[in-house]
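Have a look; sequence and predicted model below, questions after that.
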Amino acid sequence: MKSLKVKFTINPSRLNSKGLAPIELFLSYDGKRSYVRTGKFVKPTKFDVESGKVKGDKELNEYLTALKNKCYQIETAFLKSGKPLTLQNLKDRINDIESSNTLFQLFHKFDEELRGKVKSGQFTESTYIKYMQNEKYMKEYLKGMDKKDVNIFEVNGEFVNGFFNYLRTTMQNNSAVMVLSKLKKIVKFGLDFGFMETDPFLHTSFKLEKKEQINYLTEEEVNRICQLDIEDTELSEMRDIFLFSCLTGLSYIDLFMLRKRHIQKGMIIKAREKNGKEQRIPLLPFCESILAKYNNRLPIPSNQKFNKKLKEIGALAGIEKKLHSHFGRHTAATLLLNNQISMESVRKVLGHTTVEMTEHYAKMLDETLYVEMNKNLSYKFL
């Protein structure tokens, strides 16, 4: 059986003006040989001929390893397709990848596709925003590696796992999994349109964790946040937004998308960005005063920044729970249910598609209440 051989070499006789030799990809297949320029250069004394690696340059070696692996992936793809492999079409495929396809070029192509679907009504603006956050997270991830972009063939299972581990440093497991689910759809777009050839998610597994209980604030904890004396303007704004969420049940993305047209005769009437279900939320005087303060346009920051500021607010209020944006929606549900608001009314406020979803919410609250009562009250009756 024909076998592809791949290694790296340099040509010391072709030094550039800086005294660096070009690193070349040596290919051997079916008795034929060929060389491909990698576009990388190295001091001849730093290149190990036996291993084909550069001494003391981890990033360059990772690049070369990824390029070598890509050659074998191309060989496998040809074998699976039944098409004959030649050194020329192998070189053509490598040159195509080298010359154009990078991760952020894939993001930008997907961005163009998604913009068109938003204009045609196939996707909502909030969905577009969520997908574009992937690019922001990826830029931060690559910045930590002193990179601005990567070739598409470097996006493999190891790369995806590294991205997930990075996300977990700033967010909970389920939030990180949701970010990856959107990246997976971007990758599928790249595969479908021939922008990339190998699915980096093929041998990876990321699972949502079952939520054992609902995180929410008690009425007393909400009051503590409300009564805080906060001099910092930005932190005060974050407090206003959070309290507004606690008293309306609006999620972060619905707060972000809230516009003046959604406020009608003392109510917020708006379709949820998540499921399109209409929410009908009566505005309490306190909420109306917050809206008036910001001329009906709340100063919503990025979700990451909001969560960071909420933790600061929680610490100032002496609340041990690690606050995040979804606490507001959970707290609103708790306050409504604990104040004997009917299940159907709570469903309308939260924008649940069925009352069963709200009943499930109430059941989880009952379980949490049971745990808290046993923890905090049982000792009094011993």
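Now that the structure is in, tell me what you want to look at. Residues are numbered from 1 along each chain as shown.

so where's the stretch 51-200 of the chain uncertain?
95-100, 194 (pLDDT under 70).

Now do the same for the nearest residue to Asn173 once chain neighbours are set aside: helix, strand or coil?
With Cβ to Cβ, 6 or more residues apart in numbering as the criterion, Asn173 has its nearest non-adjacent residue at 5.1 Å, and that residue is Glu209. All C-beta atoms are positioned from the backbone trio N, CA, C, and that covers glycine. Following DSSP: H, G, I helix; E, B strand; the rest coil, we place Glu209 in the coil state.

correct me, but Glu209 touches Met178?
No: at 11.8 Å, Glu209 does not count as touching Met178 under the criterion of Cβ atoms under 8 Å.

who has more neighbours, these two?
Met178 (15 against 9; other Cβ atoms under 10 Å).

for the helix or strand harbouring that one, packing partners?
Per DSSP states H and E: Met178 is located in helix 173-192. Applying 3 or more Cβ pairs under 8 Å, 6 or more residues apart in numbering; DSSP states H and E, we find helix 173-192 packed against helix 103-119, helix 125-143, helix 157-167.

Can you tell me what sits against the lengthiest helix in the chain?
The single longest helix within the chain, with elements called by DSSP state H, is helix 58-81. Residues outside helix 58-81 that contact it (Cβ atoms under 8 Å, 6 or more residues apart in numbering) are 4, 6-8, 23, 25, 27, 38, 40, 42, 52-54, 84-85, 89-90, 93-94, 97, 145-146, 151, 153-154, 156, 197-198.

So which of those belong to helices?
Asn89, Leu90, Arg93, Ile94, Ile97.

Nearest spatial neighbour of the second one, chain-adjacent residues omitted?
Just to be clear, that refers to Leu90. Ile74 (5.9 Å).

what does the first one give?
If you skip the residues right next to it in sequence, Asn89 has Phe78 as its closest partner in space, 7.7 Å away by Cβ to Cβ, 6+ apart.

now do Lys43
Using Cβ to Cβ, 6+ apart, the closest residue to Lys43 is Leu20 (6.1 Å).

List the residues that contact that neighbour.
Contacts of Leu20 (Cβ under 8 Å, 6+ apart): Phe41, Val42, Lys43.

is it true that the last one touches Pro22?
Right, Lys43. No: at 11.9 Å, Lys43 and Pro22 do not qualify as touching, with contact defined as Cβ under 8 Å.

Please say which of the two ends up with more neighbours.
Neighbour count, other Cβ under 10 Å: between Lys43 and Pro22, Pro22 has more, with 18 against 14.

partner residues bridging the more buried one?
Phe41 (DSSP bridges).

Flag whichever of the contacts of Leu20 scores worst on pLDDT.
Ranked by pLDDT, these bottom out at Phe41 (87).

my guess is that residue contacts Ile23, does it?
Yes: using Cβ under 8 Å, Phe41 is in contact with Ile23, at 6.7 Å.

which other residues reach stretch 148-156?
62-63, 66-67, 69-70, 73, 97-98, 101-106, 139, 142, 159, 187, 190, 195-196, 198, 200.

buried ones in that stretch?
Residues of stretch 148-156 classed as buried: Val150, Asn151, Ile152, Phe153, Glu154, Val155, Asn156 (neighbour count, 16 or more other Cβ atoms under 10 Å).

now the strands for the stretch 151-300 of the chain?
263-264, 267-271, 278-282 (DSSP state E, counting those that start in this stretch).

And the ones you listed: which comes nearest Gln172?
Closest to Gln172 of the strands of the stretch 151-300 of the chain, according to Cβ to Cβ: strand 278-282, at 24.5 Å.

quick one: contacts for the residue nearest the centre of the chain?
Taking Cα atoms, centre = their mean, the centroid of the chain lies closest to Val179, which sits 2.8 Å from it. Contacts here follow Cβ under 8 Å, 6+ apart; on that basis Val179 touches Gln133, Asn134, Tyr137, Leu167, Met171.

Count the neighbours of the third one for me.
Which is Tyr137. Tyr137 has 20 nearby residues by other Cβ under 10 Å.
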